[in-house]
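Undergrad: sequence unknown, structure follows:
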Ligand code: 13P
Ligand code: SF4
């Protein structure tokens, strides 16, 4: 892919783009006309260049609202994005999310060009464990299947039996336990503890976990839940599965980001509180403007590294430094573990 300058919009195109962003939910989030005009100049150019490049832009729900409303072709949780990236016919994927998500897209579609606009967009969970750590766990627990959260590097994925996401971890572990008395789950300690509680498994014996943590979700304070319930009578409190078991025990619903959105859509309550990264609350406000949201949220510094300028930059100059590459042998082994997740999550195989 050679470098290419994005076309410039006419005044009429710019005005139409500004209206599109405003109606898409950015006005509801408080973006003023001046902000919208600046954003429209970028989103119009990105969308024009995206079409020329035959590229798609997946956006994780924690991304900035101007990315999700302005340029994303599909929006979702880690599971949905992995599936849609595997299915897309586009020649290139510009991943608005973090590195492990872009790597998963590359693992599933090695023939596609995968671009990551923010090179430093990592994840504290992904960085908490290496392939050598997994090999040591396998040696210490021979015969036990190893399930890894999708928030892991390609090298770690290549060492494990199956990948899971927040949308399917409990279901997949339940299926593993139908055949095995012991399972190893890495790297999120909180999620591992929550899984042990919901599956009724003894930690360290039946469920072996790792000590990784999400720097966003491990900071939420269980003590505040009672205060919010008092301040907002009838509030439904939803927490991500990466939160601590102490907090999870006090909320009305626990799940991944996709499950949380589905819960909000299907229920009626005077207020909702989404205990997770702030991007989900902003997306929920654009999707359900008639509902009330109260915020106990934190920003993920990795997710927020991607902005529209970075997206435009990688589309204009998709140089090797912004391309995501995974060595073929690692990718093939990691792909088997990701494919295993699809099969187990969607019940297309018998164990
Ligand atoms: P979801 O798959 O639930 O969107 O989670 C991804 C993530 O990074 C949560 O912190
Ligand atoms: Fe990783 Fe936590 Fe950020 Fe999700 S919110 S990308 S788990 S650091």
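TA: Sure thing, it's come through. All of these numbers come straight from a predicted model, not from anything done at the bench. Numbering: from 1, shown residues only. Ligands and ions are numbered 1, 2, ... in the order given.

Undergrad: stretch 324-343: which residues count as buried?
TA: For stretch 324-343, a neighbour-count test (16 or more other Cβ atoms under 10 Å) marks 324, 326, 330-331, 333-342 as buried. Backbone N, C-alpha and C define where each C-beta goes, glycine included.

Undergrad: what is the most widely separated pair among those residues?
TA: With Cβ to Cβ as the measure, no two of those lie farther apart than 324 and 340, at 21.8 Å.

Undergrad: low pLDDT regions in the stretch 201-350 of the chain?
TA: 348-350 (pLDDT under 70).

Undergrad: ok, which stretches of it are strands?
TA: Taking DSSP state E, counting those that start in this stretch as the criterion, the stretch 201-350 of the chain carries its strands at 207-209, 236-240, 253-255, 272-277, 293-294, 297-298.

Undergrad: again with the stretch 51-200 of the chain
TA: 55-56, 58-60, 74-76, 92-94, 113-115, 146-149, 162-164, 183-186.

Undergrad: contact partners of the helix or strand encompassing residue 44?
TA: Using DSSP states H and E, residue 44 falls within helix 33-53. For helix 33-53, the external contacting residues (Cβ atoms under 8 Å, 6 or more residues apart in numbering) are 1, 4, 6-9, 13-14, 17-18, 20-22, 26-27, 31, 56-57, 66, 70-71, 91-92, 94, 308-309, 311-312, 315-316, 318.

Undergrad: also stretch 121-131?
TA: Residues contacting stretch 121-131 (Cβ under 8 Å, 6+ apart): 97-100, 149, 151-153, 155-156, 158-159, 186-188, 210-215, 242, 302-303, 305-306.

Undergrad: just the buried members of those residues?
TA: For the contacts of stretch 121-131, buried by 16+ other Cβ under 10 Å: 97-100, 149, 151-153, 155-156, 158-159, 186-188, 210, 212-214, 242, 302-303, 305-306.

Undergrad: near ligand 1, which of these show up?
TA: 151, 214, 242 (Cβ under 6 Å from any ligand atom).

Undergrad: how about CSV for those, with distance to residue 276 added?
TA: Shown next, in CSV, are those (distance: Cβ to Cβ, whole Å):
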residue, distance to residue 276
151, 14
214, 10
242, 8
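
Undergrad: just the closest of those residues to residue 166, please.
TA: residue 242 (7.3 Å).

Undergrad: any idea how far the closest one lies from residue 56?
TA: 27 Å (Cβ to Cβ, to the nearest Å).

Undergrad: equivalent analysis for residue 296, please.
TA: Relative to residue 56, and taking Cβ to Cβ, residue 296 is found at 33 Å.

Undergrad: cool, and residue 28?
TA: Residue 28 is 26 Å from residue 56, where distance means Cβ to Cβ.

Undergrad: what residues does the protein have near ligand 2?
TA: Residues of the chain lying near ligand 2 (Cβ under 6 Å from any ligand atom): 98, 123-125, 151, 214-216, 242, 277, 300, 302-303.

Undergrad: any idea where the helices of the stretch 1-150 of the chain begin and end?
TA: 11-21, 33-53, 65-70, 78-87, 99-108, 131-140 (DSSP state H, counting those that start in this stretch).

Undergrad: need the ones you listed in TSV with mean pLDDT, can you?
TA: Below are the helices of the stretch 1-150 of the chain laid out as TSV (pLDDT from 0 to 100):
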stretch	mean pLDDT
helix 11-21	98
helix 33-53	97
helix 65-70	98
helix 78-87	96
helix 99-108	98
helix 131-140	98
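
Undergrad: which residues touch the spatially most central residue of the chain?
TA: Nearest to the mean C-alpha position of the chain, by Cα atoms, centre = their mean, lies residue 78 at 4.0 Å. When contacts are counted by Cβ under 8 Å, 6+ apart, residue 78 touches 60, 101, 104, 150, 151, 165, 166, 167, 256.

Undergrad: ranking these by neighbours, who comes first?
TA: For these, the largest number of neighbours (other Cβ atoms under 10 Å) sits with residue 104, at 30 neighbours.

Undergrad: which ones are touching that one?
TA: Each residue near residue 104 by Cβ under 8 Å, 6+ apart is listed here: 78, 82, 85, 150, 157, 338.

Undergrad: how does it look with 10 Å?
TA: Residue 104 sits next to 78, 81-82, 85-86, 95, 97, 114, 150-152, 154, 157, 163, 165, 324, 326, 334-335, 338 when contact means Cβ atoms under 10 Å, 6 or more residues apart in numbering.

Undergrad: what's the neighbour count on the closest residue to residue 117 other than its chain neighbours?
TA: Spatial nearest neighbour of residue 117, chain neighbours left out: residue 310 (3.8 Å); criterion: Cβ to Cβ, 6 or more residues apart in numbering. Residue 310 has 20 neighbouring residues, counting by other Cβ under 10 Å.

Undergrad: I'd say residue 310 and residue 71 touch.
TA: No. Using Cβ atoms under 10 Å, residue 310 is not in contact with residue 71; the gap is 11.4 Å.

Undergrad: quickly list what's touching both of those two.
TA: 94, 96.

Undergrad: how about the residues of the stretch 201-350 of the chain by ligand 1?
TA: 214, 242, 256, 257.

Undergrad: and the last one, what does it touch?
TA: Residue 257 makes contact with 60-62, 76-80, 165-167, 238, 240-241, 274, 276-277, 279-280, 283-284, according to Cβ under 10 Å, 6+ apart.
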